[in-house]
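A.B. asks: just a sequence and a predicted model for now, questions to come.
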Amino acid sequence: MSEDTTEEIMGATYCALCKHGYAALTMQNIADESGLSKAALHYHYDSKRDLLLAFLDYLLDRFRERIDAADADDPAERLAAFVDVVFTPRREDTHREFKTAVLEIKAQAPYDDGFRERLAEFDRLMHDRVRSIVADGIERGVFRGDADPDDVASFVITVMNGANARYVAVGAPVGDARRTLMAYLETQLFADGRDPEVAAE
């Protein structure tokens, strides 16, 4: 499959998920958002599930590219940039609809090995990135020496996941969660009490 065709199908899947959600989504919905027929989609993917597994792989690759692009030398700047990537929507107009569909997919993970494995890859990527940033910050004296990188990473990822779930369920602004998280990290993680918001400027 060409790169252009892949991008077209993945874009169509995004749009169809936003409009219909996971449960009601059909291959025809995805075809309708693309220039391809339903038969053409089935040529590349046997089922909606297979296409969605490929879509999760695609999202993981794009997410990795975004956090790599937001990298910085200073650990404080790198941590703030990572938090920004997670909390900043790529598309404002469909952000909540897409997050809702993703939450529906997450709900399938306990019953579907494929979904669970892909979501676990996202979790590992996020955890490992934060753990690496924190470990580097400790070594360079930016973060407290008694901080545990794995504990900090688990805490940060849990807050992020919870914030996204609250946003979908009750409309709680993720910006509020971001500010609270960064303020907490300032008091509990930063060695000299410097403001991570200032450090990221």
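C.D. replies: That came in fine, so what should we check first? Note that the structure is predicted; figures quoted are calculated from it, not measured.
A.B. asks: surely Ala72 touches Arg78?
C.D. replies: Yes: assessed by C-beta atoms under 8 Å, Ala72 is found in contact with Arg78 at 4.7 Å. Placement of C-beta: from N, CA and C, glycine included.
A.B. asks: where are the low-confidence patches of this protein?
C.D. replies: 193-201 (pLDDT under 70).
A.B. asks: just to revisit the earlier point, which one's more surrounded, Ala72 and Arg78?
C.D. replies: Arg78 (24 against 15; other C-beta atoms under 10 Å).
A.B. asks: please identify the helix or strand for that one.
C.D. replies: helix 75-87 (DSSP states H and E).
A.B. asks: for that helix, packing partners?
C.D. replies: Contacts defined by 3 or more C-beta pairs under 8 Å, 6 or more residues apart in numbering; DSSP states H and E place helix 75-87 against helix 48-69, helix 113-139, helix 149-170, helix 174-188, helix 196-199.
A.B. asks: what's the angle from it to helix 48-69?
C.D. replies: 150 degrees (axes from the mean of the first three to the mean of the last three C-alpha atoms, to 10 degrees).
A.B. asks: can you tell me the centre-most residue of this protein?
C.D. replies: Against the mean C-alpha coordinate of the chain, by C-alpha atoms, centre = their mean, the closest residue is Val86 at 5.6 Å.
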